[in-house]
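> Following is a predicted model, sequence given first.
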Amino acid sequence: MANIIHVVGTGTIGEPLIGLFTDFKHHLEIDEVTFHKRTPLESDRARINHLIARGARLATDADRRADFETLGHTVTYGAEQALERATVVIDCTPVGNKMKEQFYSSLPGPKGFLAQGSEEGFGKPYARGVNDEAMIPGEDRFVQIVSCNTHNITTLVKTLAEEKDGGYAMERGTFVCMRRANDITQADSFIPAPNVGKHDSAEFGTHHAKDAHRVFETLDMDLDLFSSAVKLNTQYMHSIWFTMQMNRDVTIEEIERRLKSNLLVATTSKRQSNLIFSFGRDHGYCGRILSQTVVSLPTLMVRHGREVYGFCFTPQDGNSLLSSVAAALWLIDPDAESMSRRLTPMRRWLYAEI
Ligand SMILES: NC(=O)c1ccc[n+]([C@@H]2O[C@H](COP(=O)([O-])OP(=O)(O)OC[C@H]3O[C@@H](n4cnc5c(N)ncnc54)[C@H](OP(=O)(O)O)[C@@H]3O)[C@@H](O)[C@H]2O)c1
C-alpha cells in the first residue's frame, strides 16, 4: 500500500508542510504528496507551480478545476478523490472542524486526520515530546496539532517541572504571550500599536493556558495554568514571559541543565526576537526553527528559591510543523523505532543553541 500524505490548505502552515513532505519524501517513507487549494489566484501561481515542480500533486474542487488550468496549473485529482486516496489527511485551514463534519468523518480509507491550532475538539490535542505516550494506536484517528504558543508553554512546563517519578514539581504556571501582529506571509491584520487581550476564561485567562491544560489532561494531569495575551506591532516571532511557582527549591543551574538536556528546547544568549528569527532564516527549513521553544538564558531568574522567571520565543509554525510530521508518521506506523528513523532528517532543524 502506498503512503500518501494529503494536505488541505496552502497557507502559512500548509505551504511549508507540503514542501517538507515533498523534499524529504524518501526519508519519511512517503510515496506521494498531494494537496488541495481552494482558490485559484494569479498571485499564488508561482508558489503553487513551485510546489508542483518539487513533486507535489494538486487537487481542486470540480467547479474550480478549469480556473486552475487556465492559470497554467496541472490539476491531478479532484478534491474528494484526493481525500479518498490519502493515507493521512493534514488539514491546514481555519475550518478543520467543519471539514471533519462535512467530509472526513465519513471517509473510511485514510488511517487518520490532523487539524491545526484553531480547531479545538477535532481530536486528541498533541505536541511532539509532551504527550506522545497519550497517543493510542488504532484509537486516535483524529488528532489536533496544538497551536505554536501551546507547544511552547507545554514544553516549558514539562521540561522544568517533570520529576523522575512522573510527578510535576510545579504549583502554578503563569504566561504572558506577546504575539506578533501578523505573519510575514500575510498582507493584512497589521496593527499600529500594542493591543492587549481580554481574559475570556475565568479559570485560565486566555485560550493559551486552556489549550496547554487540555494537552496535560491527556496525561491525566490537572495543572494550574494561567495566561494573558498582547499583540505587538511586529511581524517577528511571538515572545512569552513566564513564571512558575515550584513546590520545592530549585537553582538556576538546575533550570539551565534541564533546558539544555531537552533536544526539543533551544537556548540562546540573545534577547532580541529579530536575531532569533534571522537565525531561522539562515539555518532553518524554509526559514523555520523546528524546536518547540527558544529560551533566553540571560533572562532566567529564581526568586525566593521556588519562583522561576524568564522569557522565551515561539518558533511560530516550526513547532507545529514538527508535530504535524511526527503525528502523520505515527498514524502511518506507530512503531517508535521506525518513527525515530523516519524523523531523522527533521533533527537538523532542532537546535541546542541559537
Ligand atoms: N500561521 C501560523 O503561524 C500558525 C501556527 C500554528 C498553527 N496555525 C494553525 O494553522 C491553521 C491554518 O492557519 P494558517 O495561518 O496557515 O492560515 P492561512 O495562511 O490563512 O491559510 C488558510 C488556508 O486554508 C484554506 N482554506 C480556508 N478556508 C477553506 C475552506 N473552507 N475550504 C478549503 N480550504 C480553505 C485557504 O485556501 P485558499 O487561500 O486557496 O482559499 C488557505 O490555503 C489554523 O488552525 C491555525 O490556527 C497557524
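Nice, thanks for sending it over.
> from here on, contacts and neighbour counts on C-alpha atoms
OK.
> Can you show me the strands along the stretch 101-250 of the chain?
Using DSSP state E, counting those that start in this stretch, the strands found in the stretch 101-250 of the chain span residues 112-115, 124-126, 142-145, 170-180, 195-196, 225-232, 238-246.
> Please spell out which residues along the last one are buried.
It refers to strand 238-246. Applying a neighbour-count criterion of 16 or more other CA atoms under 10 Å, one finds 238-246 buried in strand 238-246.
> Let's check: the centremost residue of the protein is which one?
Residue closest to the mean C-alpha point of the chain, counted by CA atoms, centre = their mean, is residue 320 at 1.2 Å.
> Adding mean pLDDT and distance to the ligand, write the strands of the stretch 101-250 of the chain out as JSON lines.
Below are the strands of the stretch 101-250 of the chain laid out as JSON lines (pLDDT from 0 to 100; distance: least, CA to the nearest ligand atom, whole Å):
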{"stretch": "strand 112-115", "mean pLDDT": "98", "distance to the ligand": "7"}
{"stretch": "strand 124-126", "mean pLDDT": "98", "distance to the ligand": "12"}
{"stretch": "strand 142-145", "mean pLDDT": "98", "distance to the ligand": "8"}
{"stretch": "strand 170-180", "mean pLDDT": "97", "distance to the ligand": "9"}
{"stretch": "strand 195-196", "mean pLDDT": "98", "distance to the ligand": "18"}
{"stretch": "strand 225-232", "mean pLDDT": "98", "distance to the ligand": "14"}
{"stretch": "strand 238-246", "mean pLDDT": "98", "distance to the ligand": "9"}
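> For those, give me CSV that also has distance to residue 133.
Listed next are those as CSV, based on distance: least, CA to CA, whole Å:
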stretch, distance to residue 133
strand 112-115, 17
strand 124-126, 10
strand 142-145, 14
strand 170-180, 21
strand 195-196, 36
strand 225-232, 21
strand 238-246, 24
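> Looking at the ones you listed, which is nearest to residue 340?
Checking the strands of the stretch 101-250 of the chain against residue 340 by CA to CA gives strand 124-126 as the closest, at 17.2 Å.
> which helices and strands sit right next to the closest one?
Applying 3 or more CA pairs under 8 Å, 6 or more residues apart in numbering; DSSP states H and E, we find strand 124-126 packed against strand 142-145, helix 207-217.
> ranking the ones you listed by burial, who's on top?
strand 142-145 (a mean of 26; mean count of other CA atoms under 10 Å).
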